[in-house]
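Chemist: this one's structure only:
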């Protein structure tokens with residue numbers, strides 16, 4: 001394989017490694033989410049990143065928003081689960097492989113982003129094992145196969161990093177055909193009652209389109225979301241791009257699939273738009 005192509009790390013474990021099987025599963029989730037209406041002027045999405053059988057039914061509500069839209073570039077912002085570092089790690093060249101084909105990287109956007117802010121640096125290392133962006137690939141390859149991607153991982157999720165990235169993306173994407181996607185799960189391994197209470201705080205900030213309030217809540221209790229920093233950054237960027245409305249499309253937890261409500265992970269699909 002071309003050394004610039006990031007190999008799929010969790011194919012065959014977190015989702016099927018065989019392309020036809022993966023397509024059938026993704027298409028089934030998209031069909032089940034048909035009741036979610038499309039927004040008129042899409043700017044950004046929030047989608048989960050757990051194993052496909054658990055988070056896929058929720059993520060599909062977000063990814064249906066990309067169907068039949070000509071989008072040149074999709075900017076993906078997720079948390080780094082395995083490698084700690086300052087700032088934002090960008091995979092700037094090549095593409096991301098998946099059983100549904102390679103998503104190519106928008107290298108021009110990547111270069112401009114590196115020049116726009118010192119908070120972003122080129123570093124493939126944190127991307128090698130990371131699933132938070134890879135778990136978006138099965139849906140992206142089905143609903144937006146022609147779109148290029150810009151893969152970004154936030155290390156230490158500080159307010160400074162989230163705001164600097166949000167400002168840079170809000171500026172760079174202004175004159176481009178671009179959609180931003182924040183990758184996050186919500187609370188982890190609480191019983192459903194506790195989880196729903198923690199998750200409700202995040203959902204309310206999303207509904208109010210309140211990245212500042214979400215940042216404060218995350219600083220008080222990081223248990224609200226593993227991708228809180230990416231979510232704040234994308235919300236701030238979306239606001240800079242003219243988004244005025246933020247809508248929670250669907251909420252669920254892993255117990256909806258497993259049947260075990262004693263220890264769940266929360267999932268949300270949301271959209272930000274100009275109308």
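Modeler: Yes, it's here. Keep in mind it's a predicted model, so treat the numbers as computed, not measured.
Chemist: Can you list the low-confidence ranges for the stretch 1-150 of the chain?
Modeler: 1 (pLDDT under 70).
Chemist: again, only this time at 90
Modeler: 1-3, 36 (pLDDT under 90).
Chemist: Would you map the strands across it?
Modeler: Applying DSSP state E, counting those that start in this stretch to the stretch 1-150 of the chain gives strands spanning 5-6, 42-47, 73-79, 88-90, 95-96, 103-104, 120-122, 148-154.
Chemist: Minimum distance to residue 256: which of those has it?
Modeler: strand 42-47 (16.2 Å; CB to CB). Every C-beta, even on glycine, is put in place using the N, C-alpha and C of the backbone.
Chemist: quick one: contacts of that closest one?
Modeler: Contacts to strand 42-47, defined as CB atoms under 8 Å, 6 or more residues apart in numbering, come from residues 58-59, 62-63, 65-66, 69, 136, 139, 179-184, 206, 231, 234-235, 237-238, 241-243, 268-274.
Chemist: Count the neighbours of the nearest residue to residue 51 once chain neighbours are set aside for me.
Modeler: Spatial nearest neighbour of residue 51, chain neighbours left out: residue 14 (4.6 Å); criterion: CB to CB, 6 or more residues apart in numbering. Using other CB atoms under 10 Å, residue 14 has 20 neighbouring residues.
Chemist: I'd like to know how far residue 14 sits from residue 33.
Modeler: 20 Å (CB to CB, to the nearest Å).
Chemist: Tell me where the protein has helices.
Modeler: Under the criterion DSSP state H, the chain carries helices at the ranges 19-32, 52-63, 107-116, 137-143, 159-172, 192-207, 211-220, 228-240, 255-258.
Chemist: follow-up on the earlier one: out of the strands of the stretch 1-150 of the chain, flag the one nearest residue 197.
Modeler: strand 42-47 (19.4 Å).
Chemist: tell me the contacts of the one residue sitting closest to the centre of the chain?
Modeler: Most central in the chain under CA atoms, centre = their mean is residue 183, positioned 2.3 Å from the mean C-alpha point. With contacts defined as CB under 8 Å, 6+ apart, residue 183 is in contact with 46-49, 76-79, 132-133, 135-136, 227, 230.
Chemist: Enumerate the beta-bridge partners assigned to it.
Modeler: Note on residue 183: beta-bridge partners by DSSP bridges are residue 47.
Chemist: Model confidence at it, what's the number?
Modeler: Here the pLDDT value assigned to residue 183 is 98.
Chemist: coming back round to it: could you export the strands of the stretch 1-150 of the chain as a markdown table, including distance to residue 247 and mean neighbour count?
Modeler: Putting those into a markdown table (distance: least, CB to CB, whole Å; neighbours: other CB atoms under 10 Å) gives the following:
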| stretch | distance to residue 247 | mean neighbour count |
| --- | --- | --- |
| strand 5-6 | 32 | 21 |
| strand 42-47 | 10 | 27 |
| strand 73-79 | 19 | 26 |
| strand 88-90 | 26 | 24 |
| strand 95-96 | 28 | 22 |
| strand 103-104 | 26 | 20 |
| strand 120-122 | 28 | 17 |
| strand 148-154 | 23 | 26 |
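Chemist: Can you lay out those strands as CSV showing distance to residue 170?
Modeler: Listed next are these as CSV, based on distance: least, CB to CB, whole Å:
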stretch, distance to residue 170
strand 5-6, 26
strand 42-47, 10
strand 73-79, 11
strand 88-90, 14
strand 95-96, 24
strand 103-104, 23
strand 120-122, 14
strand 148-154, 14
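Chemist: count of residues packed around residue 82?
Modeler: Residue 82: 11 neighbours (other CB under 10 Å).
Chemist: Fine by me, we can end here.
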